[in-house]
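In: what follows is a predicted protein model with its sequence.
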Amino acid sequence: MSSSAAGSRYHLLALTGHAPTAAARLASAVRLGATAPVVLVDVTTADDLDVEALGTLARLSMLLRATGGGVVLIGASATARQLTARTGTAWLLPAHRDVEAAVAGLPVCGRPWTVAELASGGGLSRTTEDG
C-alpha cells in the first residue's frame, strides 16, 4: 500500500451481521464514498465469515490496490485466516488482532494515520482519531 496515495487516512468500518450480505453492502458503500484507499474492516462481530464474504472483500482490496490502498482485516478468526491462506488471498487481506496493530502495519509516511469518514456518510465509519 502506498503511503503517498493513502495520505495518512483510512476508513475503519465494522462488518456486522450475516457476513456475505454485509460484505457486499460494505463494498458498495466503499466504492461509492471512499475518500482514502485504505479500508480497515473490523470483522470481530461478523457472522459466517465465509469464502463468499472473503471473496467480496478480496475483490474490493484488488480495486483499492489500483489506487495505492487495500483492505486490512481486524479480528479475523483463525478459520477466516486459514480460508484466506487456502484460497491464496491472504496477501490481499492481511489480518491483525486489533485496530492498533493494523494501523501500526500501515506504511510509514511520517504523519499519524487518522480515521476518515465515507463521503456518502453511510454510517459505517467510526469517526474517532487514533491518538
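Out: Right, received. Where do you want to start? Keep in mind that this is a model prediction, so the values were computed, not measured. Numbering: from 1, shown residues only.

In: where does the residue of the chain most remote from its centre land in three-state SS?
Out: Distance from the C-alpha centroid of the chain, by C-alpha atoms, centre = their mean, peaks at residue 110 (21.5 Å). What DSSP: H, G, I helix; E, B strand; the rest coil gives for residue 110 is coil.

In: tell me which helix or strand comes right after the lowest-mean-pLDDT helix or strand in the chain.
Out: Counting by mean pLDDT, DSSP states H and E, the weakest-scoring helix or strand in the chain turns out to be helix 3-6, with a mean of 40. Downstream of helix 3-6, the first helix or strand assigned by DSSP states H and E is strand 9-14.

In: output that following strand as CSV - backbone C-alpha positions only.
Out: C-alpha atoms of strand 9-14 as CSV (Å, rounded to 0.1, in the frame of the first residue of the first chain):
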residue,chain,number,x,y,z
ARG,A,9,-6.0,8.4,6.3
TYR,A,10,-8.0,5.2,6.3
HIS,A,11,-11.6,4.1,6.7
LEU,A,12,-12.4,2.0,9.8
LEU,A,13,-15.6,0.0,9.1
ALA,A,14,-17.3,-2.7,11.0
